[in-house]
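J.: Make a model of this:
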Amino acid sequence: MRTGEPLPAVGEVLAALATGLWHWNTATELVTVDAEAARLLGLPAEQTTLTQAQTRARLHPVDWNEITGVVQLAVAEGTLAEVRVRVMDDQGRVVRVVRSRSKPSFDPVRKAYELIGTIQEVTEPSPGTPAGRSAVTGDWRRSREAFLLDAGRALAEARSTEEVLRVAAGLSMPGFSPDGLAVFGITGDRLTIIGHHGQEPGDEGPFTHMSLETDYPAAEVARTGRAVYLSSPEQYKERYPLTWPLAQQFGRQSWAFLPLTVAGRTMGAWMAAFAYPVAFTPDERSVLTTVARMLAQALSRAGAADTQRELTDGLQRSMLPQLGPEIPGMTLAARYIPTGGGLQVGGDWYDMIPLPSGRFALVIGDVQGHDVRAAGLMGQLRIALRAYAAEGHRPDAVLTRASRFFYGITHSDDDLAGLRFATCLYIEVDPVTGVLETARAGHLDPAVRMADGTVIVRPTAGGLPLGVDPDSDYPTTRLALEPGESMMICTDGLLETGGHDLDTGWQRIRKTLEAHEGDLEELADALVQAVHGPSSHHTTGPLADRREDDIALLLMCRQGEGCGCGDTVAVRPSVRRTVLTVAQDEPERIAEGRQQVRELLHDWSCADQVDSAVLLVSEALTNVLVHTDADALLVAEVTDGPAGRRMRIEVADTSDDLPHKRRPGELASSGRGLLLIEMLADAWGVAPRGEGKSIWFELYEPGGDAR
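T.: Numbering: from 1, shown residues only. I've put the predicted structure just below:
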């Protein structure tokens, strides 16, 4: 072409350069290509119009998905959309790789994109060459996809802002990794630094609390919500001359500032700084934009989680008390483990209340539910219990008043779905004598760990859960905690965590109680570890689909030989002992006596002797209730001596009538008690007392010489 001649048509120039021209309108879903573009797509070399589906069929499916993302990114940033795609034949084989460049526009009314661009064939570089290492397709694309998957997984698993920043600092992007990062937040009209990496501590000083109107890239990104890419120091200095001296001292060569956007709102900016020049190709921008979106989501989740944890800690501090001052002769330990999800505060609670009499009360309970309302009701109920206890009421009166109060606040409207109840165990403790007066409202019985490690559940009388019946009655039960013994009270979450029911969960906890030899704080940690620690995964229960529950745990030890608390020495004594009173109007407690004897002999080597002891205890207690007008006192004791173990059981009453052996006939319904004792016991007798009498019998464990 000579000088002065008219320029050739654009189409002729593009054809001479083996470059095709295409037009795509997403509203009509039609793609128009000229002859060269059709040839590059594997079609006859003539201008044609294709549907969107027909065009998609000619391209690799992964690349088609990438095109849509690049187009959206280019529209958001106001840049060109550049992408490399693989053209496929009818058998799904790659016939060539082409590069397309276009200028997209977006119609907000029609919500459609319109693109006019060029397409040109490119040659894939040979593996191992410098060009091959910087290629945008092939291995680089696979590495990028793997990187984004790993980054997304790591950011999704981060549970706090600190963890998110640590994950972001450790990201190694394929082909280009920043050596400096900074995350900026927005507080009012100021830019703040949430965290940074790759700079020395204190370097963030000039950038902290910077005005959003400042001529600084991060401030511009926060204002506009559009990314800023600076490929060289010259570009930085030209666009932001006022703040360039602040960035110059770090010696970086390229910078990317991207908005952190969640739900359409820009919450901050992310800076990635590079020690070498980066061109920020569309593929590199796509990676950075994707990471910025994932980082924004992770920071949003982490911020909400941090706020929730602060709220949870505040609620726990206000609702769960400290155990108060030290009590002479007593040691206390408590744990609260929220596992119910949501706000991480449910209806479980514990309390220690000083009483006007000089004694103190231990309270533990569980309000139905795992939501905010359950936590609120728990707080009100706890305050009410403290108020009634401070007035000097007995345990039964405290629970009766609390039940009436709880009924009133949960039945104040006609919403039946909002009705709640609460279980509760209230124990008044005399620290001098170790006497415990208990009242129970549908809660679990306390468990006592004897000085030698034997664990027994102490049955107590109880009533309905609080809030079910405003006039419910709560009888009291008197127990005694001997020196060296510990008591555990807990909510059902400690037993049922891990898919257990109350029976299987108790067996798991009992093993921990009996095997532990440390102090009370170590025992509390061991119990929590038994249900939440690594070993708990090997002891899952039969109810795998059961929802996890909150845990409240309260331990009390009366210091003495064998407990290891205070100044005592953890030496297991050779005697274990249990005491139970059975009143005339409480014949059902005979079953409790049988159960306590069986638990006392849980490690006895002869099962037949255990059955004999349970039978004889039942006979002795029944004889007292049937043949006298007095109450029965059961004392069961196991002694471990040089000659072996001996079990001695004594049932006493205040009646002066001594029992006599009889020879009942075959049809007689009574009179065989002493005969059974004589047949099954190794030794027995009747001992008169100053007021009343006692019947005792002994059994000797086989293998020893206790006889």
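J.: Where does residue 185 fall, secondary structure wise?
T.: Using DSSP states H and E, the element containing residue 185 is strand 180-187.
J.: Give the buried residues for the helix or strand following that strand.
T.: Toward the C-terminus, strand 180-187 is succeeded by strand 190-197 as the next helix or strand (DSSP H and E). Of the residues in strand 190-197, those with enough neighbours to count as buried (16 or more other C-beta atoms under 10 Å) are 191-197. In short, each C-beta sits where N, CA and C put it, glycine included.
J.: Can you pull out the residues in contact with the strand holding residue 185?
T.: With contact meaning C-beta atoms under 8 Å, 6 or more residues apart in numbering, strand 180-187 is reached by 165, 168-169, 191-199, 204, 207, 209, 212, 218, 222, 250, 252, 260, 266-275, 295, 299.
J.: Recalculate using a threshold of 7 Å.
T.: Residues outside strand 180-187 that contact it (C-beta atoms under 7 Å, 6 or more residues apart in numbering) are 165, 168-169, 191-199, 218, 222, 250, 252, 267-273.
J.: quick one: the helices in the stretch 551-700 of the chain?
T.: 589-600, 607-627, 673-680 (DSSP state H, counting those that start in this stretch).
J.: hey, least reliable of these by pLDDT?
T.: Taking each of these in turn, the lowest mean pLDDT turns up on helix 673-680, with a mean of 82.
J.: Buried ones in that helix, by neighbour count?
T.: Buried positions in helix 673-680, judged by neighbour count with 16+ other C-beta under 10 Å: 673-674, 676-677, 680.
J.: How about stretch 396-412?
T.: 396-407, 410.
J.: picking that back up, make JSON lines out of the buried residues of helix 673-680 and add distance to residue 74.
T.: Written out in JSON lines, the entries for the buried residues of helix 673-680 read as follows (distance: C-beta to C-beta, whole Å):
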{"residue": "673", "distance to residue 74": "97"}
{"residue": "674", "distance to residue 74": "101"}
{"residue": "676", "distance to residue 74": "95"}
{"residue": "677", "distance to residue 74": "96"}
{"residue": "680", "distance to residue 74": "93"}
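J.: Return the distance of residue 532 relative to residue 469.
T.: 36 Å (C-beta to C-beta, to the nearest Å).
J.: These two: who's more crowded?
T.: Taking other C-beta atoms under 10 Å, residue 532 and residue 469 do not tie; residue 532 has more neighbours (17 against 14).
J.: doesn't residue 219 make contact with residue 271?
T.: No - with contact defined as C-beta atoms under 7 Å, residue 271 does not count as touching residue 219 (11.3 Å).
J.: Flag the shaky bits of the stretch 251-400 of the chain, pLDDT-wise.
T.: Counting by pLDDT under 70, the stretch 251-400 of the chain shows low-confidence ranges at 309, 311-322, 324-325, 339-346.
J.: what do you get if the cut-off is 50, keeping everything else the same?
T.: Counting by pLDDT under 50, the stretch 251-400 of the chain contains low-confidence ranges at 341-342.
J.: Show me where it has its helices.
T.: Taking DSSP H, counting those that start in this stretch as the criterion, the stretch 251-400 of the chain carries its helices at 282-319, 372-390, 395-410.
J.: In contact with residue 611, which residues are there?
T.: In this structure, residue 611 makes contact with no residue, judged by C-beta under 7 Å, 6+ apart.
J.: typo on my end, residue 179
T.: Each residue near residue 179 by C-beta under 7 Å, 6+ apart is listed here: 198, 273-275.
J.: Highest neighbour count among those?
T.: Using other C-beta under 10 Å as the contact criterion, the top neighbour count among the contacts of residue 179 goes to residue 273, which has 22 neighbours.
J.: Buried residues of stretch 61-74, list them for me.
T.: In stretch 61-74, the ones that count as buried by 16+ other C-beta under 10 Å are 63-64, 66-67, 70-74.
J.: wait, which of the contacts of residue 179 is closest to residue 226?
T.: residue 273 (18.7 Å; C-beta to C-beta).
J.: Mind listing the residues bridging to the closest one?
T.: Each beta-bridge partner of residue 273 is listed here, defined by DSSP bridges: residue 180, residue 255.
J.: how far away is it from residue 296?
T.: Residue 273 sits at a distance of 19 Å from residue 296 (criterion: C-beta to C-beta).
J.: and what of residue 218?
T.: Summarising the geometry, the distance separating residue 218 from residue 296, computed by C-beta to C-beta, is 14 Å.
J.: With distance to residue 596 as added columns, please give the helices of the stretch 251-400 of the chain in JSON lines.
T.: As requested, the helices of the stretch 251-400 of the chain are exported to JSON lines (distance: least, C-beta to C-beta, whole Å):
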{"stretch": "helix 282-319", "distance to residue 596": "35"}
{"stretch": "helix 372-390", "distance to residue 596": "29"}
{"stretch": "helix 395-410", "distance to residue 596": "21"}
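J.: closest one to residue 500 among those?
T.: Nearest to residue 500 among the helices of the stretch 251-400 of the chain is helix 372-390; the distance by C-beta to C-beta comes to 22.1 Å.
J.: Turn the buried residues of stretch 61-74 into JSON lines, columns for distance to residue 586, pLDDT and secondary structure.
T.: Output for the buried residues of stretch 61-74, formatted as JSON lines (distance: C-beta to C-beta, whole Å; pLDDT from 0 to 100; DSSP: H, G, I helix; E, B strand; the rest coil):
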{"residue": "63", "distance to residue 586": "82", "pLDDT": "77", "secondary structure": "helix"}
{"residue": "64", "distance to residue 586": "81", "pLDDT": "79", "secondary structure": "helix"}
{"residue": "66", "distance to residue 586": "79", "pLDDT": "74", "secondary structure": "helix"}
{"residue": "67", "distance to residue 586": "82", "pLDDT": "80", "secondary structure": "helix"}
{"residue": "70", "distance to residue 586": "82", "pLDDT": "78", "secondary structure": "helix"}
{"residue": "71", "distance to residue 586": "82", "pLDDT": "82", "secondary structure": "helix"}
{"residue": "72", "distance to residue 586": "78", "pLDDT": "78", "secondary structure": "helix"}
{"residue": "73", "distance to residue 586": "79", "pLDDT": "74", "secondary structure": "helix"}
{"residue": "74", "distance to residue 586": "84", "pLDDT": "77", "secondary structure": "helix"}
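J.: That concludes my questions; thank you for your assistance.
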